[in-house]
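Undergrad: quick one: sequence plus predicted model below, questions after.
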Number of protein chains: 2
Amino acid sequence: MIDSSLNLQAILGLPTVQPGDDLAALLISALRAQGGLRPGDILCVVSKVVARAEDRFVDLADVRADPTAVKLSRVVAKDPRLVHLILGESQAVSRVAPGVLIVRHQLGFISANAGIDASNVGRDGDWVLLLPKDPDASARALRQRLEEAFEAPIGLVISDSHGRPFRKGTQGVAIGLSGLPALLDKRGEADRFGKILEHTELPLADQIAGACDLVAGASAEGIAAVRLRGLSWQADESARAADLHRPATKDLYA
Amino acid sequence: MIDSSLNLQAILGLPTVQPGDDLAALLISALRAQGGLRPGDILCVVSKVVARAEDRFVDLADVRADPTAVKLSRVVAKDPRLVHLILGESQAVSRVAPGVLIVRHQLGFISANAGIDASNVGRDGDWVLLLPKDPDASARALRQRLEEAFEAPIGLVISDSHGRPFRKGTQGVAIGLSGLPALLDKRGEADRFGKILEHTELPLADQIAGACDLVAGASAEGIAAVRLRGLSWQADESARAADLHRPATKDLYA
């Protein structure tokens, strides 16, 4: 899995990404100033910058809340237009409370507000930012450009920060990926004492997103990408972020 | 939070820890062979080795399941003696299903089987391994010895791997800590665009445990400790792992 040492490098110098920007070109330029990418590196890119480049902005002034959203907005004490957008991005509502609206996103994961970001959008007025439409596809496209630029096979993870049951604080998770496994299944392997491991599935892409969140998430400077170097991993062209989702029918807390 | 580069170093060469071993001395010796500890380093130690050193082994042959445990064991299809031990370590049962027993541990977190490890104990017979009795105290004691040996103020995290709702796989969390904050509260701080961050609490100790799990958890070689270097953090002598727990009354999924 790892030789023994892992390096996480925040990719500095990325400008504030705007709709229509060539994010791959911006990343390539920033990476060039910090040693580029080598074979086996994994680049973790924060979903927000992908969403900005893909112009996933919505002006709440353009949104008309339907009656379902208006009714729910009273329960959760949120702007009915925002609630309308959240429901539009969701498969199902998971939990509601004053100030809280937790849903199963159309992409399959459970998160507050369908990942819609209202706090850090950087526009005047009531703009919000939806998640990328198809983060696995975004990861694939970014990865292809980066692999061409650096002539190196890499993995690419698009991360978001989710709250979680039981424990305080938000944590980085993978909402898109390309080139690497989402999940490593160690079940059936013998442990170091020769017994069989019963339950060990390792959510590799989430672990990577979480480690990068330790670097990126804490910074007020808005670090948008982190390079992870030193991990041994097998290429996987078929993995998708949804591999990490427990189906609702098998989730005791859904 | 971070300059720009973070290094995670697996601490190799630790022997299989046995009850009564001086774990601090073993860690000091292994660390000396890998550059020791510097001021600001954080050492993450896997709970299992702490539990082994503290002789938290129980022989199931010595356990007599009470009627509650016997009854519950039929629901969860587990050894009634193991269920008895799990209930003894717990405040409350959270969810049950065939093969699944999720509880609120006496220490306050929610996890499967109260963290009791039956898969990787390394003893003949029906031995299992409980979690350390007081992981914050264990962290404090280890930290003191390590700080003396390396003449450097450090942080110490004791990690365990927990399953989680919604998403597959296990993830490293902090069950004990000393010297560093458990949680960073960024609420009320302005984001890079000047708006006020609404919800951002960063579970620093969990993020560290998760990053170290990426290094340690994946290895069949049983990496028991990981050194994290390059993070900027403020010393905190009053933080405890329980700072990370959301109270049951505020948890929509408890």
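TA: Arrived safely.
Undergrad: now do the contacts for the nearest residue to A:D59 once chain neighbours are set aside.
TA: Closest residue to A:D59 apart from its sequence neighbours, by CB to CB, 6 or more residues apart in numbering or on different chains: A:W127 at 5.5 Å. Using the backbone N, CA and C atoms, a C-beta is placed for each residue, glycine as well. Shown in contact with A:W127 (CB atoms under 8 Å, 6 or more residues apart in numbering or on different chains): A:57-60, A:121.
Undergrad: can you list which of the residues you listed are found in helices?
TA: Among the contacts of A:W127, DSSP state H puts none in helices.
Undergrad: with respect to A:L12, which of these is nearest?
TA: A:V121 (21.9 Å; CB to CB).
Undergrad: find me the pLDDT at the closest one, would you?
TA: Predicted confidence (pLDDT) at A:V121: the value is 69.
Undergrad: strands of the stretch 101-250 of chain A, start to end?
TA: A:110-112, A:127-129, A:155-162, A:171-178, A:184-185, A:201-202, A:225-231 (DSSP state E, counting those that start in this stretch).
Undergrad: got TSV for the ones you listed, with mean pLDDT and distance to B:L43 too?
TA: Below are the strands of the stretch 101-250 of chain A laid out as TSV (pLDDT from 0 to 100; distance: least, CB to CB, whole Å):
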stretch	mean pLDDT	distance to B:L43
strand A:110-112	96	32
strand A:127-129	94	38
strand A:155-162	96	26
strand A:171-178	97	21
strand A:184-185	86	25
strand A:201-202	90	22
strand A:225-231	95	18
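Undergrad: most packed of these?
TA: Stretch with highest mean neighbour count among these: strand A:171-178 (a mean of 29; mean count of other CB atoms under 10 Å in any protein chain shown).
Undergrad: quick one: stretch A:91-101 to chain centroid distance?
TA: Distance of stretch A:91-101 from the chain centroid (CA atoms, centre = their mean, to the nearest Å) equals 20 Å.
Undergrad: for stretch A:158-177, same thing?
TA: Relative to the chain's own centre, stretch A:158-177 is displaced by 8 Å; criterion: CA atoms, centre = their mean.
Undergrad: among the contacts of A:W127, which are located in strands?
TA: A:57-59 (DSSP state E).
Undergrad: drop anything exposed from these.
TA: Restricting the ones in strands among the contacts of A:W127 to buried positions leaves A:57-58, with burial counted as 16 or more other CB atoms under 10 Å in any protein chain shown.
Undergrad: nearest to A:A248, of the ones in strands among the contacts of A:W127?
TA: Of all those, A:V58 has the smallest distance to A:A248: 27.2 Å, by CB to CB.
Undergrad: which ones are touching A:L183?
TA: Contacts of A:L183 by CB under 8 Å, 6+ apart are A:201-205, A:239, A:243-244, B:168-169.
Undergrad: oh, I was asking about A:P203
TA: A:P203 makes contact with A:174, A:182-183, A:244, B:167-171 under the criterion CB under 8 Å, 6+ apart.
Undergrad: picking that back up, so which of the contacts of A:L183 is the most crowded?
TA: A:A205 (32 neighbours; other CB atoms under 10 Å in any protein chain shown).
Undergrad: identify the residue nearest that one in space, chain neighbours excluded?
TA: Nearest residue to A:A205 in three dimensions, chain neighbours excluded: A:A174, at 3.6 Å (CB to CB, 6+ apart).
Undergrad: which strand residues bridge that neighbour?
TA: Each beta-bridge partner of A:A174 is listed here, defined by DSSP bridges: A:S159.
Undergrad: which parts of chain A are helices?
TA: Using DSSP H, the helices of chain A run over A:23-32, A:47-53, A:67-76, A:80-88, A:135-150, A:204-216.
Undergrad: list the helices and strands the second one packs on?
TA: Right, the one you point to is helix A:47-53. helix A:23-32, strand A:127-129, helix A:135-150, strand A:155-162, strand A:171-178 (3 or more CB pairs under 8 Å, 6 or more residues apart in numbering or on different chains; DSSP states H and E).
Undergrad: hang on, the earlier thing: now the residue nearest to A:D59: how far from chain B?
TA: Relative to chain B, A:W127 is positioned 11 Å away (CB to the nearest CB, to the nearest Å).
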